[in-house]
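Colleague: here is my input, please return the structure:
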Amino acid sequence: MSVLKRYIQSSIITSLVIGLWSVACFAQQNKNVLETTITIESKALNEQREVQIYLPDSYFSTSKKYPVIYIIDGQRYFLNAVTYQKNLTWQEVSPEFIIVGLPTDSQKRRRLFYRESSKFINFLENELIPQIDNEYRTLDERIYFGWEMAAGLGVEILSDSPHLFKAMLLASPTHISNSRLQKVDSLLNNTLDQNTFIYASLGTVENWSIKPMADLDSIFRKNNQEQLTWNYNLSATENHYTTPLTTINEGLKLFFGDYAPLRFFTLQEFYDFGGLEALKSHYTNRSKRYHTPEGIHNDTKHYLLLQCDKEDNFELFNDLVEEFDGKAFIANHYRQPRWFLRYSQFYARHNHLDDALDILKLGDDKFPDTATLKNEIGNIYKKSGATLKAKKWYKEAEKHQ
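Modeller: This is a model prediction of the structure:
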């Protein structure tokens with residue numbers, strides 16, 4: 001090997017070592033890390049367990065609390081939950097949530113998820129969950145995800161400790177024994193203490209689980225309770241290794257279905273929903289569940305006003321403007337002059353010229369260099385007979401052409 005080649009290799013290795021050392025030092029000094037790994041000394045399992053933790057982007061800049069999803073087999077599926085959150089929180093389709101991943105050993109999981117399942121449930125209930133709730137800001141919105149034997153374990157957790165999780169996401173469950181089926185049946189013969197959501201998926205090619213899952217489905221359908229939401233997706237397009245993707249995505253989407261801002265594509269949808277009172281009640285409940293700001297979401301306000309314009313329902317538009325803090329919502333929410341122009345023209349079509357002027361002048365204050373707003377103010381003054389004022393605004397519009 002040439003001297004130059006040895007020198008290059010040595011330099012590369014030295015750079016890598018320095019780089020890794022720098023990252024390690026940064027991680028130790030920077031406590032505000034969004035993703036980390038902790039170790040729990042478990043008495044229930046008589047071993048140390050590594051646990052992956054992902055904190056939402058806003059965790060260190062707010063004081064709010066978050067739902068938590070526990071991902072069994074974190075070495076495979078931890079990033080699925082991270083990706084779901086990253087893709088959907090920026091448009092408020094999903095709330096932010098804490099992710100706890102539990103990496104597993106292929107041999108130990110077969111023992112702990114079935115023959116010695118009570119040990120693992122004890123670990124979750126009395127060690128892991130209390131520690132997570134103690135060290136992080138968590139809501140009482142815990143979600144369990146498990147695949148294969150871990151999904152079968154989820155069925156047992158549901159029957160033995162129904163208070164632990166509000167949602168169970170179960171992909172390709174196996175080991176749904178008669179004992180587990182009987183426990184679920186017994187549980188559902190009584191009234192549940194909390195709302196419980198379950199999403200389970202199975203591919204039709206997974207013939208080893210078709211019968212026990214059909215039995216489980218029958219038990220849930222027979223014991224239909226208002227507090228229980230049971231979704232079973234028996235899919236002709238999924239298999240044993242693709243169901244986790246469907247289960248995490250669809251399960252979280254349905255469980256957090258009340259989070260995304262409401263949008264009504266017709267006013268009839270709004271009336272069928274229950275109108276303004278039902279809308280306010282929905283957002284009150286949303287605020288309580290997710291610790292979000294109180295009040296109707298601005299996106300919902302926007303789309304309702306827009307729909308009133310589209311359907312030319314001025315009466316409802318006027319009522320909503322008053323409900324949404326007068327014209328202040330329009331003044332503060334919109335970042336483009338065209339919206340002020342649009343709503344002023346809506347007022348003008350219904351001969352509410354003073355209101356049209358109010359909207360235009362709010363827009364002119366916000367966008368003082370916009371000729372179209374000044375020109376429209378001139379049009380409104382002209383329509384109301386104030387010719388001199390109209391000419392003044394037309395001249396101002398010309399200056400900003």
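Colleague: poorly predicted segments of this structure, please.
Modeller: Residues of the chain meeting the criterion pLDDT under 70: 1-32.
Colleague: quick check: phi and psi on the residue positioned nearest the centre of it?
Modeller: Residue closest to the average C-alpha location in the chain (Cα atoms, centre = their mean): Ser94, at 1.6 Å. The phi/psi pair for Ser94 (degrees, to the nearest 10) reads phi -130, psi 150.
Colleague: what is the burial count for the nearest residue to it once chain neighbours are set aside?
Modeller: Using Cβ to Cβ, 6 or more residues apart in numbering and skipping the chain neighbours, the partner closest in space to Ser94 is Leu88 (3.9 Å). Yep, even glycine has a C-beta here, placed from its N, CA and C like the rest. Neighbour count of Leu88, defined by other Cβ atoms under 10 Å: 19.
Colleague: ok so, going back, so what's the residue nearest to the centre of the chain up against?
Modeller: 84-85, 88, 252-253, 256, 259-260 (Cβ atoms under 8 Å, 6 or more residues apart in numbering).
Colleague: re the thing from before, then the residue nearest to Ser94 would be within a helix, right?
Modeller: Yes - counting by DSSP: H, G, I helix; E, B strand; the rest coil, Leu88 is found in a helix.
Colleague: and the gap between it and Asn379?
Modeller: 43 Å (Cβ to Cβ, to the nearest Å).
Colleague: quick one, domains of the protein?
Modeller: 32-255, 267-399 (automatic domain parsing).
Colleague: ok, Arg342 to Leu262 distance?
Modeller: 22 Å.
Colleague: between those two, which has more neighbouring residues?
Modeller: Leu262 (18 against 15).
Colleague: secondary structure class of that one, three-state.
Modeller: Quick answer, by three-state DSSP: Leu262 is coil.
Colleague: that one - nearest residue in space that isn't next to it in sequence?
Modeller: Leu262 sits nearest to Thr300 (Cβ to Cβ, 6+ apart), 4.9 Å away.
Colleague: of the contacts of Ser94, which is the most crowded?
Modeller: The contacts of Ser94, ranked by neighbours (other Cβ under 10 Å): first place Leu252, 25 neighbours.
Colleague: test my guess that that residue contacts Tyr144.
Modeller: No - counting by Cβ atoms under 8 Å, Leu252 stays clear of Tyr144, with 12.0 Å between them.
Colleague: shared neighbours, those two?
Modeller: Common neighbours of Leu252 and Tyr144 (Cβ under 8 Å, 6+ apart) are 69, 169.
Colleague: host element of Val51?
Modeller: strand 47-54 (DSSP states H and E).
Colleague: return the distance of that strand from the chain's centre.
Modeller: Centre-to-centre, strand 47-54 and its host chain are 24 Å apart (Cα atoms, centre = their mean, to the nearest Å).
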